[in-house]
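**Q** Here is a sequence together with a model predicted from it:
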Amino acid sequence: MSDRSGNRIRSLSAIRRPGRRLPPELSVLRRRTRIQVDWIDVDGVRLRYGIRRGRGRPMLILNTIGANLDMLLPLVDALDDAEIIVPEMPGAGRSPARGLPRRLGWYADLLSTFLLRLGYDEPLDVVGLSWGGSLAQQFALDHPVEVNRLVLASSSIGWPGLATRSSTLKRLAAARRYERAETLPAAIAGLYGGLVRRRPELISRRGRYASGPSTRGYMNQLIASLGWTSAHRLHRLHCPTLIMGGDDDPIVPLVNSRILYWLIPKSYLHVVRGGGHLFLLLRANESAGVIRRFLNERRYDGTDGADYYAARGLEADGALIPRLPS
């Protein structure tokens with residue numbers, strides 16, 4: 001009887017649709033980062049999220065469009081023992097997509113409720129990558145008391161800061177790049193730039209095993225950012241902000257980071273030399289070092305001219321540059 005049951009189980013597993021298991025390197029990272037993945041219902045919206053318990057002020061990390069939390073594991077690991085929350089927004093990763101598109105303001109309100117349900121009622125440090133950077137701006141503007149410090153990586157002010165070296169159609173063609181095994185690494189190398197140009201297998205290796213977005217979820221997030229801009233509101237953003245941009249980013253060229261630096265009052269600019277659109281993930285140790293240095297610095301209020309970085313003689317190009325009062 002046991003032999004027949006065993007044969008039946010083996011036969012069922014043989015016809016079962018193969019799942020996407022994490023590759024060995026991501027499995028090791030999942031264990032090493034001690035990140036716990038769970039689900040939560042937020043006002044009828046089911047979200048998948050990960051939490052790594054740690055010390056200090058909690059950090060909320062918002063991923064790029066359609067990406068899942070497993071792609072952020074290198075950054076989570078590089079941030080040592082900080083407490084980190086990584087939500088998968090509706091339509092990204094395994095979080096179900098909404099039936100109709102919503103504006104970024106809706107996503108920001110969802111984040112606020114999500115954090116309250118998890119018990120976070122004090123200001124957090126917020127890190128946003130690309131589309132997540134736009135959401136981070138919206139969240140900091142709509143809920144300023146919930147944000148302590150802000151980090152914007154490969155981000156822009158929205159539609160006025162259009163990418164000059166990457167077409168919208170090319171980005172739309174990559175909507176299912178996380179799922180399609182036939183996607184050529186060479187095709188995405190020029191899309192992301194930076195380290196991916198020389199080693200395109202870095203993104204394809206992660207993408208082959210990652211839970212990709214549904215087409216509806218990807219399009220909903222893309223529509224949420226269409227016509228959106230923060231240019232007219234950034235002067236109200238009074239939390240210290242670190243702006244990180246790569247000088248080899250075809251999707252969000254470096255000029256967008258410089259515009260953010262010019263518009264946000266208490267801002268620092270860090271240029272990642274040779275950095276592409278995903279430098280936060282592919283150069284995680286370097287990026288985490290800059291983020292930790294920024295978060296551990298005392299609040300820059302625009303009154304002290306001899307600030308931490310200037311006092312240590314750091315170079316202006318590629319270093320954290322404070323905006324001094326005129």
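**A** All right, it came through fine. Values in this document were obtained by computation on a predicted structure and should not be read as measured data.

**Q** now the strands for this protein?
**A** Using DSSP state E, the strands found in the chain span residues 36-42, 45-52, 55-62, 82-88, 124-129, 147-153, 241-246, 267-272, 321-322.

**Q** where's residue 54 relative to residue 85, distance?
**A** As for residue 54, its distance to residue 85 is 11 Å (criterion: CB to CB, to the nearest Å). The way it works is simple: take the backbone N, C-alpha and C, and place the C-beta from them, glycine included.

**Q** repeat for residue 43
**A** As defined by CB to CB, residue 43 lies at a distance of 18 Å from residue 85.

**Q** Have a look at these two and say which one is more surrounded.
**A** residue 85 (22 against 9; other CB atoms under 10 Å).

**Q** So that one is in contact with residue 120, correct?
**A** Yes: contact status for residue 85 versus residue 120: in contact at 7.4 Å, counting by CB atoms under 8 Å.

**Q** any common contacting residues for those two?
**A** residue 58 (CB atoms under 8 Å, 6 or more residues apart in numbering).

**Q** ok so, going back, dump the strands of the chain into JSON lines; add distance to residue 136 and mean pLDDT as well.
**A** Below are the strands of the chain laid out as JSON lines (distance: least, CB to CB, whole Å; pLDDT from 0 to 100):
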{"stretch": "strand 36-42", "distance to residue 136": "18", "mean pLDDT": "93"}
{"stretch": "strand 45-52", "distance to residue 136": "16", "mean pLDDT": "94"}
{"stretch": "strand 55-62", "distance to residue 136": "5", "mean pLDDT": "92"}
{"stretch": "strand 82-88", "distance to residue 136": "12", "mean pLDDT": "93"}
{"stretch": "strand 124-129", "distance to residue 136": "3", "mean pLDDT": "95"}
{"stretch": "strand 147-153", "distance to residue 136": "6", "mean pLDDT": "95"}
{"stretch": "strand 241-246", "distance to residue 136": "9", "mean pLDDT": "93"}
{"stretch": "strand 267-272", "distance to residue 136": "13", "mean pLDDT": "91"}
{"stretch": "strand 321-322", "distance to residue 136": "20", "mean pLDDT": "47"}
